[in-house]
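everything below, folded, please.
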Amino acid sequence: MASRLACVGGHSDLRLEHGALIFPMPVECYDQLMDGKSLPRGACYNGLRGAMEVDPVPNGRYHDPRATTIYDLLQGLRRASGVPAYVGATAPLEGTASDRRHPDAQLFVSPAKLAALRTASRPAPIPDLVVEIDTTPLSRGRERARLAAYDRLGVPEVWVWRRTGGTEAEPKGRATLLVAVPDGYESVGTSVVVPDLAPPDLEELLREPDDVAREEQSGRLAQRLAPAFARRWAATPT
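Sure, this is the predicted structure:
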């Protein structure tokens, strides 16, 4: 405990910026807090700035079940298709850059990355897909910073769902599918990692207010997407 406290003490330049708490510290200190389960919720590490950044946390009652829905969708897709894959939740992305991000869901499906996962070494491989579910939308600047970090880490595809209106219980939202290009990310009409999935699929799924009904809808969507997902990854060399 003393070593973790030493990491966070003595800073006079703690500040708020665009609604986020910015706390300069070495990445090694962040990793101590992360591994000791002492990070505040909403934390990430910005390697370019050398700082822990803590965003306002979403409303857990309405954010967390929707994040779980996406996790369940990816798990259902794995089971229905028979494709070897691994689905993670908030495990940190480390990579070779000094960035630490904690997406709501992540998918490993390429054979090389699955093989690297089995070594249990650090840093872990970067997922083929990460998903961010925000019911309290970030500022545009914070959203750009998050995507820039995923770009530095080498994430090939990012799904983002942002609340655009409605109520906490019955939100309206917009989904964006982003794939990596040489200068960042570009929006696409269908997923590369999960063929046949389009933004309206996520929008329809996540605006369902009933948690039980949403889980059932997620299962039906996974069944529909499974054949194309199986074809896509069956052709991938090991």
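
and the helices in the protein?
Here the chain has its helices, by DSSP state H, at 2-8, 27-35, 60-81, 111-117, 140-153, 199-206, 211-234.

low-confidence ranges, the protein, go.
Scanning the chain for pLDDT under 70 picks out 1-12, 135-138, 235-238.

who is the residue lying closest to Pro156 once chain neighbours are set aside paired with across the strands?
Distances taken as C-beta to C-beta, 6 or more residues apart in numbering put Ala180 closest to Pro156, at 5.1 Å, once the chain neighbours are dropped. C-betas here are computed from N, CA, C, even on glycine. Taking DSSP bridges as the rule, Ala180 bridges to Tyr185.

contacts only, for Ala180.
Contact partners of Ala180, counting by C-beta atoms under 8 Å, 6 or more residues apart in numbering, are Asp151, Gly154, Val155, Pro156, Glu157.

check contacts around the second one.
With C-beta under 8 Å, 6+ apart as the criterion, the residues that contact Gly154 are Gly95, Ile126, Ala180.

enumerate every residue touching the second one.
Contacts were defined as C-beta under 8 Å, 6+ apart; by that measure Ile126 touches Leu93, Gly95, Lys113, Leu153, Gly154, Val155.

touching, the second one and Ala149? I think so.
No: taking C-beta atoms under 8 Å as the definition, Gly95 is not a contact partner of Ala149, at 9.7 Å.

please name the nearest non-neighbouring residue to Arg214.
Nearest to Arg214 is Glu208, by C-beta to C-beta, 6+ apart, at 4.2 Å.
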